[in-house]
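[1] got a sequence here, can you model it:
(one chain, ligands or ions: 1)
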Amino acid sequence: MRQVDISNITDQLSVSPQITVVDAEATGAGSGGELCDADVAIVGRGAGGIAVAASLKSRDSDLDVAVIGPADILYDQPGWTMVGGGIFDAQSAARTMGSLISKGVHWLKSALAAFEPENDAVILDGCRVVKYRRLFVCPGLKLDWGKVKGLEETLGRKGVTSNCHYDLAPYMWKLVRQMRKGRALLTQLPMPIKCAGAPQKAMYLSGDAWFCRGVLKDIDVQFMNAGCVLFGVKDYVPALERYVEKYDAALNFFHNLIAVD
Ligand SMILES: Cc1cc2nc3c(=O)[nH]c(=O)nc-3n(C[C@H](O)[C@H](O)[C@H](O)COP(=O)(O)OP(=O)(O)OC[C@H]3O[C@@H](n4cnc5c(N)ncnc54)[C@H](O)[C@@H]3O)c2cc1C
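    Numbering: from 1, shown residues only. Reported below is the predicted structural model:
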């Protein structure tokens with residue numbers, strides 16, 4: 001495994017020197033040939049990927065574990081809900097990879113381009129090859145904003161926002177803070193979505209902010225859920241219903257957002 005000297009940027013990126021960072025693009029390491037062998041290759045350096053790496057390393061510190069993913073910043077996606085609800089500031093929901101990835105794990109700073117299962121290998125951007133004994137695939141879900149007509153061009157302005165994006169969550173809190181009366185429409189799209197609780201957390205946190213400011217009585221809270229139940233795990237439903245009642249929210253099931261005009 002080739003190693004990049006990161007000592008001069010350690011402070012900036014909070015990278016532990018015990019992590020091997022291989023920036024395949026920058027170094028040109030292994031161009032057109034074999035970049036490395038790993039006992040375990042993990043595609044995706046999100047919460048899933050780094051948790052798998054940490055778990056494996058804690059069980060067997062001799063394992064050669066390589067996590068594959070290009071970005072330096074890992075976003076705390078559940079934290080975005082709290083940003084939208086005014087509990088966290090946005091910066092606290094973004095962390096450097098180096099501060100999170102386990103010691104001794106190799107981080108291959110590159111995107112995956114292809115799988116080559118017949119050779120127990122994956123191909124990174126730039127045709128670099130990583131061979132593995134075991135492969136974990138943790139690429140997460142990719143949001144398809146374009147699926148809702150008019151949404152992409154309206155997000156972040158004219159009172160339209162989402163807590164499913166780092167840049168938009170602060171705008172959600174701004175809207176909640178500024179709202180004193182009128183109708184608040186909160187939507188939950190059909191599965192698969194990143195978090196079944198996120199749309200509702202927006203409703204409860206906004207409702208609470210309006211309740212505490214004494215303006216809730218002038219706000220018509222409408223929750224439009226594409227599904228048919230408040231929450232898929234029925235044991236949680238009675239407790240959630242108490243908050244729906246407290247914030248006087250109208251629940252609308254089988255209502256899917258298809259366009260923003
Ligand atoms: C607003 C919100 C609130 C949430 N609240 C909660 C909560 O309260 N509780 C909870 O348990 N969960 C919550 N979640 C869900 C939780 O954040 C996700 O389940 C979790 O982040 C999934 O982790 P992951 O690693 O599978 O995917 P991700 O975090 O999406 O990471 C996948 C990574 O793979 C990378 N990748 C994709 N393709 C490639 C490729 N070709 N090459 C290299 N890398 C690639 C991506 O860039 C990304 O870095 C919430 C999510 C959101 C959006």
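[2] near the ligand, which residues of the stretch 101-250 of the chain show up?
    111-112, 138-140, 163-164, 194-195, 197-198 (Cβ under 6 Å from any ligand atom). The way it works is simple: take the backbone N, C-alpha and C, and place the C-beta from them, glycine included.
[3] quick check, nearest of those to the ligand?
    Nearest to the ligand among those: Gly140, at 2.3 Å, using Cβ to the nearest ligand atom.
[4] distance-wise, check Ala249 relative to Asp72.
    Noted for Ala249: a distance of 39 Å to Asp72, by Cβ to Cβ, to the nearest Å.
[5] of those two, who's got more company?
    Taking other Cβ atoms under 10 Å, Ala249 and Asp72 do not tie; Ala249 has more neighbours (22 against 16).
[6] could you look up the SS state of the residue nearest to the more buried one when sequence neighbours are not counted?
    The shortest distance from Ala249 to any non-neighbouring residue, by Cβ to Cβ, 6 or more residues apart in numbering, is to Val221 (4.0 Å). For Val221, the secondary-structure state derived from DSSP: H, G, I helix; E, B strand; the rest coil is strand.
[7] show me the contacts for the residue of the chain found nearest the ligand.
    Across the chain, the shortest distance to the ligand (Cβ to the nearest ligand atom) belongs to Gly46, at 1.9 Å. Gly46 is in contact with 69, 74, 138, 140, counting by Cβ atoms under 8 Å, 6 or more residues apart in numbering.
[8] same thing but 6 Å
    Gly140 (Cβ atoms under 6 Å, 6 or more residues apart in numbering).
[9] again, but for Met82
    Phe88.
[10] wait, a helix at it?
    Yes - the assignment for Met82 is a helix, going by three-state DSSP.
[11] quick check: Gly79 touching Gln91?
    No - under the criterion of Cβ atoms under 6 Å, Gly79 makes no contact with Gln91, lying 10.2 Å away.
[12] who has more neighbours, those two?
    Between Gly79 and Gln91, counted using other Cβ under 10 Å, the more crowded position is Gly79 (20 against 8).
[13] check that one and give its pLDDT.
    The model reports Gly79 with a pLDDT of 96.
[14] same question, Ser14
    41.
[15] repeat for Thr20
    Confidence for Thr20, expressed as pLDDT, is 64.
[16] strands of the stretch 1-150 of the chain, start to end?
    20-22, 34-43, 65-68, 73-75, 94-96, 106-108, 112-116, 121-124, 128-137 (DSSP state E, counting those that start in this stretch).
[17] may I see these arranged in JSON lines, with mean neighbour count and distance to Val260 as well?
    Below are these laid out as JSON lines (neighbours: other Cβ atoms under 10 Å; distance: least, Cβ to Cβ, whole Å):
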{"stretch": "strand 20-22", "mean neighbour count": "22", "distance to Val260": "41"}
{"stretch": "strand 34-43", "mean neighbour count": "21", "distance to Val260": "34"}
{"stretch": "strand 65-68", "mean neighbour count": "27", "distance to Val260": "36"}
{"stretch": "strand 73-75", "mean neighbour count": "16", "distance to Val260": "24"}
{"stretch": "strand 94-96", "mean neighbour count": "15", "distance to Val260": "27"}
{"stretch": "strand 106-108", "mean neighbour count": "26", "distance to Val260": "39"}
{"stretch": "strand 112-116", "mean neighbour count": "13", "distance to Val260": "33"}
{"stretch": "strand 121-124", "mean neighbour count": "20", "distance to Val260": "38"}
{"stretch": "strand 128-137", "mean neighbour count": "18", "distance to Val260": "33"}
